[in-house]
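1. quick one, what's the 3D model for this:
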Amino acid sequence: MWWTFAEPGEGGNSTAVARGRLDGDRLVDVRTVFSQKPKVASRLHCGSRIVFGRDGTLWVGLGDRYSRKDDAQDPANHLGKVVRIDREGRAPADNPKLAAAEVWSLGHRNIQGAAAHPATGALWTVEHGPQGGDEINAPRRGLNHGWPVVTRGRNYVTGTRIGEDGPKHGFEEPLKVWVPSIAPSGMAFLTSDRYPRWQGSLFVGALKAQTLVRLTLDGGKVVGEERLLEDLGERIRDVRQGPDGWLYLVTDGRGGKVLRLER
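-> Numbers count the residues shown, from 1 in each chain. I've put the predicted structure just below:
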């Protein structure tokens, strides 16, 4: 088993990655293999999604911790980054040669969902913008996704611009932007034949918008959007395709539920 958690330490806390083994109903051989650096006195923007690549390495989406947004542009730390590590927590030899060897991509705000594209194996992520500017990205080796230099979002209180709207040379354009924000959460590609009309779609949960978003894809492009389950009035925290091919949703808040979507 693999999981992330908030690890306390000098200076505050940070997102860490651990692994262990189930022995009956006990978790044994538990070991922390990676810790985000630096630790920050914050309860916000932890990120923490894990995706396994086809080569067995792990991508981990890490937030900027809110108070340290400018550090998302500094390749010497793990704030606002996707890191790529092996199963021992080490940086693979083919990572980009950046100051922090684990860094795969930079310029992220707060990654809330991540999944590997079923056809290409490439990493896709979805992240919260501030006031507007939620993004879907396909982080690739060494690329900069802009935050906070390039963003469609605005400051919460004043509504003023944070960075440039983009596009801007040297920074990757997102595959999809939501303005106003939907507050995206988990995401999953649908590969099963349970829903023939939806096969190949990308699904994203939404907290603020209280909906399940279905995105139509054309290769590596997002070409359409449909919003589902708005009448539930539920914050959708995560969406996954189960081993049985059905889509499962998790809602949060008081009375949170696990739902199976049938069609």
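2. count of neighbours near residue 219?
-> By the criterion of other C-beta atoms under 10 Å, residue 219 has 8 neighbours. C-beta here means a position set from N, CA and C on the backbone, and glycine is covered the same way.
3. OK, contacts around it?
-> Going by C-beta atoms under 8 Å, 6 or more residues apart in numbering, residue 219 touches no other residue.
4. pLDDT wise, what is it at?
-> Looking at residue 219, its pLDDT reads 90.
5. for the remainder of this discussion, apply numbering that starts at 42.
-> Noted, 42 is the first residue going forward, which turns the last one into residue 260.
6. against residue 145, how distant is it?
-> Taking C-beta to C-beta, to the nearest Å as the measure, residue 260 falls 22 Å from residue 145.
7. now swap in residue 166 and tell me
-> The gap separating residue 166 from residue 145 is 11 Å, by C-beta to C-beta.
8. name the residues contacting each of the two.
-> Joint contacts of residue 166 and residue 145 (C-beta under 8 Å, 6+ apart) are 123, 180.
9. quick one, which of the two is more surrounded?
-> residue 166 (27 against 24).
10. surely the more buried one touches residue 181?
-> No: Residue 166 lies out of contact with residue 181 (C-beta atoms under 8 Å); the separation is 11.1 Å.
11. since we're on the closest residue to residue 277 other than its chain neighbours, how many residues are nearby?
-> Nearest residue to residue 277 in three dimensions, chain neighbours excluded: residue 246, at 3.5 Å (C-beta to C-beta, 6 or more residues apart in numbering). Close neighbours of residue 246, defined as other C-beta under 10 Å, add up to 31.
12. cool, and residue 303?
-> 8.
13. from residue 287, how far out is it?
-> For residue 303, the distance to residue 287 equals 7 Å [C-beta to C-beta].
14. now swap in residue 231 and tell me
-> 10 Å.
15. who has more neighbours out of these two?
-> residue 231 (19 against 15).
16. got the contact list for that one?
-> Counting by C-beta under 8 Å, 6+ apart, residue 231 touches 239, 240, 241, 242, 243, 244, 282, 288.
17. coming back round to it: ok, what's across the strand from the residue nearest to residue 277?
-> Beta-bridge partners for residue 246, by DSSP bridges, are residue 253.
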